[in-house]
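Novice: Fold the following.
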Amino acid sequence: MTGKNTASNLALLALAASTTAFNPSRIYIRKLSPIQLDLSSQTTSEHPHLKCWSSTLQQSPINSHVHPSIDLVIRSPTEGGTGIVAINDIPKDTTVLSLRLEEIGMLDATSILNGYKKQARQDDKVLNMLCEMWEKDLVPSKKSREESEEGKRLAVLAGVLAHLQLVRYKDLTSWVATYVKEGFALDESRRLGSFLDSMPLMPRHLDANNHPFPTHFLFWTEDEIEHLLAGTMAQTKAREVRAGVGLILREWSASFIEEHSPAIQKQDLLNAIFSAFAAVLSRSFGDAAGRDLDGKGRMLVPMVDMLNHDSENPNVTWKWHVGVEDEAMIEEGKGDIAVTTMRDVKKGEELPGWDIASSYGFVPRLLAERWECSVIPLFPAVLDLAPNEISSPTNKNCDSSLDLTLETNYGPLVQSVLAAVNAANEIRLKMNLDDTTNTIKEEPPHQLQRVEVLSLFRPPPSATADEFPFQRRQPVILVGTKITTKDSQNEPYHELAIQSVLPAFKAAASAIDQLRSNYQNNISSPIQASQMAKAAASIDPEKDWTADAIALIQDGLDVRIETILNNDTDAMSWLDKAPGQNEDRNSRARLAQDIRQAELKVLQQLKEDLSTLES
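Specialist: Numbering: from 1, shown residues only. The predicted model follows:
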């Protein structure tokens with residue numbers, strides 16, 4: 001496995017899981033319905049999360065603390081899963097959780113792998129492979145080193161979790177217990193036993209009616225991704241996260257098979273690794289005290305990882321308390337982790353954080369407002385190079401269209417647009433120009449502060465469907481804003497969203513103008529990136545490209561809205577006719593509808609405010 005390929009695969013995994021507004025040092029809350037608040041109707045104490053909750057406190061009865069005004073609530077994965085709620089009002093600056101890490105059993109790759117390397121006996125094939133991967137200096141290809149490193153942290157932690165869970169499974173299962181190997185992994189699996197037991201592991205937690213991750217993209221069928229997610233940004237993300245995990249699995253398979261066969265069959269090994277990735281993507285986090293900042297990795301912490309995922313109103317923060325410059329405590333995973341309220345918390349509110357469906361397998365319910373994103377096509381699917389000309393009778397067969405969904409056409413254009421936007425940003429900085437609004441109350445999430453081009457899958461254009469009847473990839477720009485249940489409440493955020501992508505569309509409009517001019521004048525010269533940069537920076541002396549850019553955005557919004565509405569109808573039609581109906585598929589269909597509704601809300605609110613910007 002070369003460093004370049006490894007970096008590319010891991011960056012793909014990190015990007016697929018990172019289109020998110022979740023700040024790891026801030027947790028968020030949402031209000032629960034009265035039914036969800038009925039703690040008396042919860043699952044019995046045998047539920048693994050409840051068992052983990054009680055056993056964690058038993059392991060640290062003196063040094064750990066849970067505020068009496070919070071409690072655990074158990075829900076199905078499609079309703080948000082396990083969460084922590086306030087059962088009474090809680091004042092601001094109240095510590096609701098304080099846990100001694102070395103006593104409750106934090107799970108992180110750094111501590112596990114460092115502990116293994118100190119052992120005299122190092123014959124664990126999986127841990128040896130993960131140590132090599134952890135220490136490898138990745139050479140990023142198309143992705144940044146930061147993205148590659150984040151992907152590595154996610155992957156190695158998932159590998160550690162899968163390995164320890166499989167060892168634990170063999171240790172507790174009588175008919176395969178003879179295959180358990182004494183050593184470091186077995187000792188660690190027993191030390192972390194109750195925590196490992198609280199996280200779903202297939203095959204242990206899988207039966208016909210109880211899939212542990214029914215809506216996570218890793219467990220969808222290809223048909224479900226193709227039909228239920230058709231036309232959505234999530235379809236691209238689902239394929240990316242599955243591809244990232246799949247490529248890593250190819251590198252891991254030999255070590256896992258050698259270490260765990262024949263006690264565990266290959267399909268069960270695959271499912272176990274999938275479930276570990278799903279758990280890490282949905283429950284792990286970095287910290288504000290240095291572990292993630294200095295590259296030491298991500299972690300899973302009992303109870304804290306049960307803080308759920310929603311994004312409306314930040315109300316608690318967490319901090320890892322260690323001694324000043326005490327690297328030894330960081331390396332060994334020691335210290336205290338404390339969760340503290342940032343404001344008054346009312347009875348019935350939940351203490352969660354937010355991420356998109358590709359990481360968690362659900363979309364938060366919109367109760368007030370939250371950051372959300374969608375995509376807008378950067379170019380039309382098919383570009384008419386001579387829009388003002390009427391073909392003469394002698395030129396009926398003359399084709400003046402350019403299929404921009406073909407990567408051979410749009411690839412160079414996208415690179416030129418990105419280069420133009422970067423150049424425009426440098427120009428504007430030198431000229432101290434700023435056309436963004438100053439009336440917003442908070443900055444957008446960092447993922448929405450950069451121009452990002454994604455590839456969206458879409459059907460072939462009708463003009464070329466006969467000769468090339470395959471799905472195409474169309475370049476789209478990521479755009480995000482605050483969506484709300486109330487009309488016309490977040491205009492400044494919508495304007496900021498449009499302004500943030502406007503330079504890219506100005507560059508695209510310039511490229512289209514040059515393509516048409518070259519066609520009409522029978523010129524084969526490439527388009528000029530310098531002209532695109534001037535358009536993006538609004539310093540072209542010959543033309544103001546704002547109107548052309550807004551027209552592109554307007555057309556793109558219309559196309560996306562129509563596509564999402566049509567695909568929703570098609571998805572429901574496929575669901576009615578598809579064989580193998582079950583509750584898991586119905587849950588995935590509901591998630592797909594939630595995803596489309598969230599994207600649709602963004603697009604519709606941006607469209608409403610686009611006319612204001614035009615005027």
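Novice: Low-confidence ranges, the stretch 501-615 of the chain, go.
Specialist: For the stretch 501-615 of the chain, the stretches with pLDDT under 70 are 612-615.
Novice: for it, what spans make up the strands?
Specialist: In the stretch 501-615 of the chain, no segments count as strands under DSSP state E, counting those that start in this stretch.
Novice: same thing with the stretch 51-200 of the chain?
Specialist: Applying DSSP E, counting those that start in this stretch to the stretch 51-200 of the chain gives strands spanning 65-66, 70-73, 83-86, 95-100, 107-108.
Novice: Not counting the fourth one itself, show me its contacts.
Specialist: Contacts to strand 95-100, defined as C-beta atoms under 8 Å, 6 or more residues apart in numbering, come from residues 56, 60, 63-67, 69-70, 90, 301-304, 316, 318, 335-341, 351. In this view, the C-beta of every residue, glycine as well, is placed from N, C-alpha and C.
Novice: Just the CA trace of that strand, in CSV.
Specialist: Only the C-alpha atoms of strand 95-100 are listed here, as CSV (Å, rounded to 0.1, in the frame of the first residue of the first chain):
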residue,chain,number,x,y,z
THR,A,95,-21.3,20.9,35.1
VAL,A,96,-23.7,18.2,34.1
LEU,A,97,-21.0,15.5,33.5
SER,A,98,-17.5,15.1,34.9
LEU,A,99,-15.7,11.8,34.2
ARG,A,100,-12.3,10.5,35.1
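Novice: can you pull the buried residues of that strand?
Specialist: Within strand 95-100, the residues that count as buried by 16 or more other C-beta atoms under 10 Å are 96-100.
Novice: still on that earlier bit, quick one: closest of the strands of the stretch 51-200 of the chain to Gln474.
Specialist: Closest approach to Gln474 among these (C-beta to C-beta): strand 83-86, 37.6 Å.
Novice: Could you tell me which residues within stretch 416-432 count as buried?
Specialist: Going by 16+ other C-beta under 10 Å, stretch 416-432 has these buried residues: 416-417, 419-421, 423-424, 427-428.
Novice: For those, which two are the farthest from each other?
Specialist: The farthest-apart pair in these, when distances are taken by C-beta to C-beta, is Ser416 and Arg428, at 18.3 Å.
Novice: pLDDT for the buried residues of stretch 416-432 - can I get that in TSV?
Specialist: Shown next, in TSV, are the buried residues of stretch 416-432 (pLDDT from 0 to 100):
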residue	pLDDT
Ser416	89
Val417	91
Ala419	89
Ala420	90
Val421	89
Ala423	88
Ala424	84
Ile427	80
Arg428	71
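Novice: so where do the helices sit in the stretch 1-150 of the chain?
Specialist: Per DSSP state H, counting those that start in this stretch, the stretch 1-150 of the chain carries helices over the ranges 3-16, 48-59, 101-104, 109-117, 125-135, 145-172.
Novice: what is the mean pLDDT for the last one?
Specialist: Going back to what we said before, that points to helix 145-172. For helix 145-172, the mean pLDDT works out to 85.
Novice: which helices and strands does whichever strand in the chain runs longest pack with?
Specialist: Criterion DSSP state E: the longest strand present in the chain is strand 472-484. Under the contact criterion of 3 or more C-beta pairs under 8 Å, 6 or more residues apart in numbering; DSSP states H and E, strand 472-484 touches strand 369-377, helix 407-431, strand 453-458, helix 491-520, helix 583-614.
Novice: quick check: angle from it to helix 491-520?
Specialist: Using axes from the mean of the first three to the mean of the last three C-alpha atoms, to 10 degrees, the inter-axis angle of strand 472-484 relative to helix 491-520 is 160 degrees.
Novice: got the angle for strand 472-484 vs helix 407-431?
Specialist: 40 degrees.
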